[in-house]
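> Sequence and predicted structure below; questions after.
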Amino acid sequence: MTTTQPTESISGQVEAWVRLPAATLAATIDLLHRLDVFFREHADSTVHTQLSLFCAATGSHPICGAPALLDELGLRALMLRTAMTAAGTDHDHADE
């Protein structure tokens, strides 16, 4: 099981710990990575336009919302990967 350390949220409150199997966390990281690669390297302008419209409709900035969402997708995957590595459970991804 992997346990993440409590962190301070944007609101300044300490967030709770979460325990989950390392395999589940690794699968989630892999999914986030594949989505990031898809949007950055394979999606065409129509998909990016739809993503921008989605972001604007859900309250994000109409121009910067989609790029910010993609940046956050990659950042969250990196944060999870870092937590796995710190916990010593990142053996399956040592070559990435």
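Here it is on my side, so go on. Numbers count the residues shown, from 1 in each chain.
> now the strands for this protein?
2-3, 19-20 (DSSP state E).
> Run through the chain and note the low-pLDDT ranges.
Applying pLDDT under 70 to the chain picks out residues 1-13, 90-96.
> which residues in it form helices?
For the chain, the helices defined by DSSP state H occupy 22-37, 45-57, 65-86.
> List the residues that contact the residue sitting nearest the centre point of the chain.
Most central in the chain under CA atoms, centre = their mean is Arg76, positioned 3.1 Å from the mean C-alpha point. Contacts for Arg76 (CB atoms under 8 Å, 6 or more residues apart in numbering) come out as Leu32. All C-beta spots, glycine's among them, are computed from the backbone N, C-alpha and C.
> same thing but 10 Å
Residues near Arg76 by CB atoms under 10 Å, 6 or more residues apart in numbering: 28-29, 32, 36.
> Kindly report the same for Gly74.
Gly74 touches 32-33, 35-37, 39-40, counting by CB under 10 Å, 6+ apart.
> at 8 Å instead, please
Counted by CB under 8 Å, 6+ apart, Gly74 has contacts 32-33, 36.
> Give the PyMOL command for selecting the buried subset of those residues.
Typed into PyMOL, the line below selects the buried ones among the contacts of Gly74, using 16 or more other CB atoms under 10 Å:
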select buried, resi 32+33+36
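> Rebuild the contacts of Gly74 as CSV, extending it with distance to Thr46.
Listed next are the contacts of Gly74 as CSV, based on distance: CB to CB, whole Å:
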residue, distance to Thr46
Leu32, 23
His33, 23
Asp36, 19
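> how many other residues sit next to Ser60?
Neighbour count for Ser60, taken as other CB atoms under 10 Å: 17.
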